[in-house]
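Q: pasting the structure only:
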């Protein structure tokens, strides 16, 4: 589910990470491997209840999700009133409520190590302190998409994990410099971040925030887009336990 919201807003293909992508000395990757090891085999969107707050150029949209309800009734728009939605807000809201139809993405809010794509052999230690360890990597997007491959070439990734309490804290994909993924578009800035938090008695970190910012130009016009999606009042309804 965490990828569904980004997909609706053009960021879905940028979130993945298979456990086979390690490199570097084994002792340096210990925290990384421990964090990826905290996976939940069965994480379904029906196992969650939460409040979602979207903030972007369209304004703020607040919606409630209840996985215990029938599939058609799981989403409830809290604000603004549906009659007061602008055209842009309506498009976002429609994307959210129809995204559950995607059978390939029925996951919930747990961090899932199989949902990210690291280019094999590119994960290396970057920073560490007493609490956290940050690794850098080269992202690998959809191998079957020329557009994704062209985009990924210019991106870098960072993942921060806990040292004493294994688990993913923060995932960041960004462009270190301006680039042209194709002849018609120049991207001056790209950054996508996910933040995760621990919840009592749960076996893996839970997604609490997604942000994306992109700036550039296309067809001789500049563009600037950004959004933040926050998850709050989170309740886990499933059976997985620490």
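A: Structure received. On a predicted model such as this, the values are computed, not experimentally measured, just so you know.

Q: quick one: residue 192 is in a strand?
A: Yes. Counting by DSSP: H, G, I helix; E, B strand; the rest coil, residue 192 falls inside a strand.

Q: what is the neighbour count of it?
A: 21 (other CB atoms under 10 Å). No exception for glycine: its C-beta is placed from N, CA and C like everyone else's.

Q: cool, and the one 3 residues further on?
A: Number of residues near residue 195 (other CB under 10 Å) recorded here: 19.

Q: next up, the contacts around residue 76.
A: Listed by CB atoms under 8 Å, 6 or more residues apart in numbering, the contact partners of residue 76 are 63, 64, 65, 66.

Q: got any ranges where this structure has weak pLDDT?
A: Under the criterion pLDDT under 70, the flagged ranges of the chain are 1-26, 99-106, 113-117, 143, 240-242.

Q: so which bits of the longest helix along the chain are buried?
A: Ranked by residue count, the top helix of the chain under DSSP state H comes out as helix 87-98. Using 16 or more other CB atoms under 10 Å as the test for burial, helix 87-98 gives 89, 92, 93, 96, 97.

Q: identify the residues contacting whichever helix or strand comes after it?
A: Sequence-wise, the next helix or strand downstream of helix 87-98 (DSSP states H and E) is strand 124-128. Contacts with strand 124-128, where a contact means CB under 8 Å, 6+ apart, come from 23, 24, 28, 29, 31, 133, 134, 135, 136, 137, 158, 163.

Q: tell me which residue is most central in this protein.
A: The residue lying closest to the centre of the chain (CA atoms, centre = their mean) is residue 194, at 5.0 Å.

Q: partners of the longest strand along the chain, with directions?
A: Counting by DSSP state E, the longest strand found in the chain is strand 221-236. Looking at strand 221-236 with DSSP bridges, its partner strands are strand 48-56 (antiparallel), strand 206-218 (antiparallel).

Q: tell me the angle of that strand relative to helix 87-98?
A: 40 degrees (axes from the mean of the first three to the mean of the last three CA atoms, to 10 degrees).
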